[in-house]
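S.K.: test case, fold it:
(chains A and B)
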Amino acid sequence: MIIPLIRLELRKNVLSAASAAAAFLVTLPVCRLVSSSTGLEIRYSLDAALTAWIILGLPLAAALIGASSGASSASRDALDCEAILPPSPGRRAASSLAASLLLVAAFAAFVLVTSVVLGSAPGRMLAPAQKAWGAAFWHNLHVAPLLALATFDVLAGAWALSRLIGHGVAGGLLALLLTSASGAALAACFGLQLLHHEWGASCYAAALALASAGALAKVWAGALAARWSERRSGPRALSTSLALLILPGAAIWAVAGGELRMLDAKVMLLDYEHALSRRPRGDSFPRGSRALAAAGEGVVLKTLRGGIVIADGAGVRPLIPEQNAGLSDILLDPFKTWIRGAWREENGVLWVERYVSPNAELWRIEGTKVESIRMTDHGSFSMFAGVPLKHRYPDGKRLLVASAEDYFRRGDKATWHEGYKSFLALRRPQAGAGRVACAGKCLEAKGRRWKLPGIANERDAVFPHDFGGRRAYLVPVLNGKTWSTILCRDDGSTAVAWPEDAREGTLPDGTLFTVARGKLWSIAPDGKIAPPLDLTLSSDLSTVSSLMRRSKDKAWFVQPKKLLVLDAGGRTVLTRPLPEDIEDAMPLKSGFLITTKRSAYFSDWDGNLRRVENPR
Amino acid sequence: MNALNFRNVTRVLGGRRVLDGASGAAEQGKVIGLLGRNGEGKTTLFKILLDLLAADSGEVEVLGLRPDGSGAVRRLTGYIPERPAFHTFMSVAQALALRASLFPKWDAARAAALCKRLGLDPATRLEGASKGTLGKLAWVCAAAHDPALYLLDEPTSGLDALVREEVLSGLVSELGEAGKTVLVTSHRMDELAGLLDEVWVMAGGRIVAVHSLDALRADACVVGGRLRSADAPPAVPGTIALGGEGLARSWAVLDKTSRERLLGCGALESPSVEPLPLDRAFSHLLSLKGGDLR
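M.R.: Predicted structure coming up:
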């Protein structure tokens, strides 16, 4: 009995499917026009049009056909003609939906066959997007079944809503809205699972099941609307049908929100790079953007939601509130927020630079007092993403940033100044910097002069180091063909700190160090030059090691998978296991902090490790 | 066995109680006229009997089936709606073909014969078809599957005089002779008077009176007379006061018992009794309100 009804519904709704097909066919000559007017090869415009028809056109056609079918079967004319026939309202509703489904399937087949004949295969058409987002992304997404589900969902929604409210256009638009909302929630679940799978994010399957159930619930809602609206009246039919239409989508959002809460509690750091290859490390997602050391006092970390926290041996405390706490922000623009820089002044004031699209922020944190300066001129700001910390200086409540040739002060708006020398001229007196003079043979600072055992470069400013309240300067000098770095103490004496012109590193306790000629050279916080540690003596030491601490007779190194402590003779006195995927190791005064892809850990000098928990 | 049984049926539409405890029973093979003014609930009652609407309360049984939303009742029923409607993109033949695929007992030969009898060309397109064409097609659709029960809502509406005559003296008469149960409404019930076995009077959403046509023909009368006292006009159930001048009064009386009560109450001097023609009896029945005859 249902086949004659389906035939009847096909006859009634063939016009809407024909309209969609006509619109599709009109696209093809339009592609030729576009190609001839823009000079674009026709296969590209054709591929673009066919891809758009497959991805957007099919759901839109489903909305048109479903809405037309739903509205026409609920119309007074149709009821007058058909209600008196033997089939029940439920059967007539099923026939109406089945006919819509057949028309959409026929239209989809028409579009797909035309695409195969005239254009590239759909897979090839998606190739640029696949390249941009990474093959794994598309492999996991299962585009074709999702597209089919979305098309069916729109069709069922448009049909049910049009039946329910008796208006095709409104029903179709509402259905597109509902499917878009469910689709966004599904995408959120997919994104969360893709990006955080190793943390147990597994909501996608549940969301997919809910989305499928939601599409079927829409069919049910339409059938209920048909049965109840014809035979009964009252709000029960309307409220039940509306609940069936809305609740599955709301449930998917609830699943996504629940998953985000779970991740928020478990995941410390943001890391999208392993899943999405479109932003290579070191390009627009600079290294160190997730965690930066802040002068030994702690480590500034960016959390999953873009908040900034500082972690140290005592735990974690929030510094800057989350700016983009929404699920969509995290998923749609995971790179929206990152840390640009973090450093601490001698007086304890902490400075943090954070980029929050489209602006940048400079935060000045003094004890519990937190001030922010929003900088709108982020274009010039972004030019200095890679500027070494050494060339960023607080200047009152502004920031001074220097490049090799220029510098600018930054407050509310960047102000440019020309010339690196003028930057040095500004910076030198502030910092008590020295100046190489006597044709490179002496150093002058604060009215004192040191005679250098060789020739130094006159161009560079020489900034002082503080050793227990006493200033000293490190100056690389060339003596014959040999470079060495000379320590100029404030008592007027000079000494060779280490051979070669090796850039120094600073440890939180004030120790300066460098590695040269296979040895670790260091100057203790009191200004005494320590005997070098021969690194070649240890067979345990990896070439990929970071110095965390240097005491009188020991050195602490973090290397892949372990903490290694050597004595003055290069013998191993302590090893402790560390996580395998260490990305950064940052020394603090009381221990060191390491970050992996998603977590941060604090270790004391004995190697006792604990995970840094998100304070949320 | 009754073809139709319904008891205490209520139904609210648009906040108005259209059916308010309607009860009735139709014996198989009876031709029943359903009499009532516009808006008294006749069409709603038909829709409930056809399972097109659900009753809010009450019990309904049609040909032994309870209307449950499945539409099974409609397979066994021939229905002519007040305003027949068909898909305008179809022809008469296509409309009949659709029904042939939906009614299990559809008889194509019978349909063809009915078309011929009513002068309905199967090739006629239904877009812009006349009211008469639609009315004829409705008759063919209602009768071609030889149902046991006919629900006819103004079945001669829109038909020209010749076809109306054919329908009334031919079709309806044959249905009665063939033992089919027919429930029919018409604003011109007098046309059907010769065919009816009973007339049900519907008012205020209820069946307020049931009369056998034979009894109505025999007993319906106008009783007139002069009141003995203007202060105490008689109030006899089953009578309809027609008014009068001074102390002269007359009543339409629709059954024998009421007539005897009115004549025996002693309130009238020299009462007269005149037969009441059926068309005027129907008119008086139409004026009844719910509770008038209780």
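
S.K.: now do the strands in chain B.
M.R.: Under the criterion DSSP state E, chain B carries strands at the ranges B:2-13, B:16-27, B:31-35, B:57-62, B:77-80, B:149-153, B:181-185, B:198-203, B:206-212, B:221-227, B:239-243, B:248-253, B:268-275.

S.K.: mind telling me which of those the model trusts least?
M.R.: Sorting the strands of chain B by mean pLDDT places strand B:239-243 lowest, at a mean of 83.

S.K.: tilt between it and strand B:221-227?
M.R.: Orientation check (axes from the mean of the first three to the mean of the last three C-alpha atoms, to 10 degrees): strand B:239-243 against strand B:221-227 gives 60 degrees.

S.K.: returning to that earlier point: mind putting the strands of chain B into CSV with mean neighbour count and distance to chain A?
M.R.: Where C-beta positions appear, they are placed from N, C-alpha and C, glycine not excepted. As requested, the strands of chain B are arranged in CSV below (neighbours: other C-beta atoms under 10 Å in any protein chain shown; distance: least, C-beta to the nearest C-beta, whole Å):
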stretch, mean neighbour count, distance to chain A
strand B:2-13, 19, 7
strand B:16-27, 18, 11
strand B:31-35, 25, 18
strand B:57-62, 17, 12
strand B:77-80, 24, 6
strand B:149-153, 25, 10
strand B:181-185, 24, 15
strand B:198-203, 23, 21
strand B:206-212, 20, 21
strand B:221-227, 19, 41
strand B:239-243, 15, 36
strand B:248-253, 21, 37
strand B:268-275, 13, 41
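
S.K.: give me every residue in the stretch 1-150 of chain B lying close to chain A.
M.R.: Taking C-beta under 8 Å from any C-beta of the partner chain as the criterion, the stretch 1-150 of chain B approaches chain A at residues B:12-13, B:50-54, B:69-72, B:74-75, B:79, B:81, B:83, B:85-87, B:89, B:98-99, B:101-103.

S.K.: pull out the buried residues from these.
M.R.: B:50-54, B:69-72, B:74-75, B:79, B:81, B:85-87, B:98-99, B:102-103 (16 or more other C-beta atoms under 10 Å in any protein chain shown).

S.K.: and the most centrally placed residue in chain B, what does it touch?
M.R.: Centroid-nearest residue in chain B: B:L34, 2.5 Å away (criterion: C-alpha atoms, centre = their mean). Applying C-beta atoms under 8 Å, 6 or more residues apart in numbering or on different chains, one finds that B:L34 lies in contact with B:42, B:45, B:183-185, B:199-200, B:202.

S.K.: of the residues you listed, which is the nearest to A:P453?
M.R.: Nearest to A:P453, judged by C-beta to C-beta, of the contacts of B:L34 is B:L45 at 119.2 Å.

S.K.: the closest one contacts B:A22, correct?
M.R.: Yes: counting by C-beta atoms under 8 Å, B:L45 does reach B:A22; the two are 6.1 Å apart.

S.K.: could you find the closest non-adjacent residue to the closest residue to chain A within the stretch 101-250 of chain B?
M.R.: Minimum separation of the stretch 101-250 of chain B from chain A (C-beta to the nearest C-beta) falls at B:S101, amounting to 3.9 Å. Closest residue to B:S101 in three dimensions, ignoring its sequence neighbours and counting by C-beta to C-beta, 6 or more residues apart in numbering or on different chains: A:P4, at 3.9 Å.

S.K.: got phi/psi on that neighbour?
M.R.: phi -60, psi -30 (degrees, to the nearest 10).

S.K.: now it: how far from B:R99?
M.R.: Distance, A:P4 to B:R99, by C-beta to C-beta, to the nearest Å: 9 Å.

S.K.: tally of neighbours for the residue nearest to B:S101?
M.R.: Using other C-beta atoms under 10 Å in any protein chain shown, A:P4 is surrounded by 17 other residues.

S.K.: mind checking pLDDT for it?
M.R.: The confidence metric pLDDT takes the value 91 at A:P4.

S.K.: list the contacts for it?
M.R.: Neighbours of A:P4 in contact, by C-beta under 8 Å, 6+ apart: B:98, B:101-102.

S.K.: quick revisit: need the overlap of contacts for B:L45 and B:A22.
M.R.: Joint contacts of B:L45 and B:A22 (C-beta under 8 Å, 6+ apart) are B:6, B:9, B:202.

S.K.: so for the second one, what's the nearest residue that isn't a sequence neighbour?
M.R.: Of all residues not flanking B:V9 in the chain, B:G58 sits nearest, at 3.5 Å (C-beta to C-beta, 6+ apart).

S.K.: I'd guessed that neighbour sits against B:A22; true?
M.R.: Yes: in this structure, B:G58 is within contact of B:A22 by C-beta under 8 Å, at 7.4 Å.

S.K.: find residues that contact each of these two.
M.R.: B:6, B:8-10.

S.K.: now flag whichever of those residues is closest to B:V167.
M.R.: For these, the nearest to B:V167 is B:F6 (26.5 Å; C-beta to C-beta).
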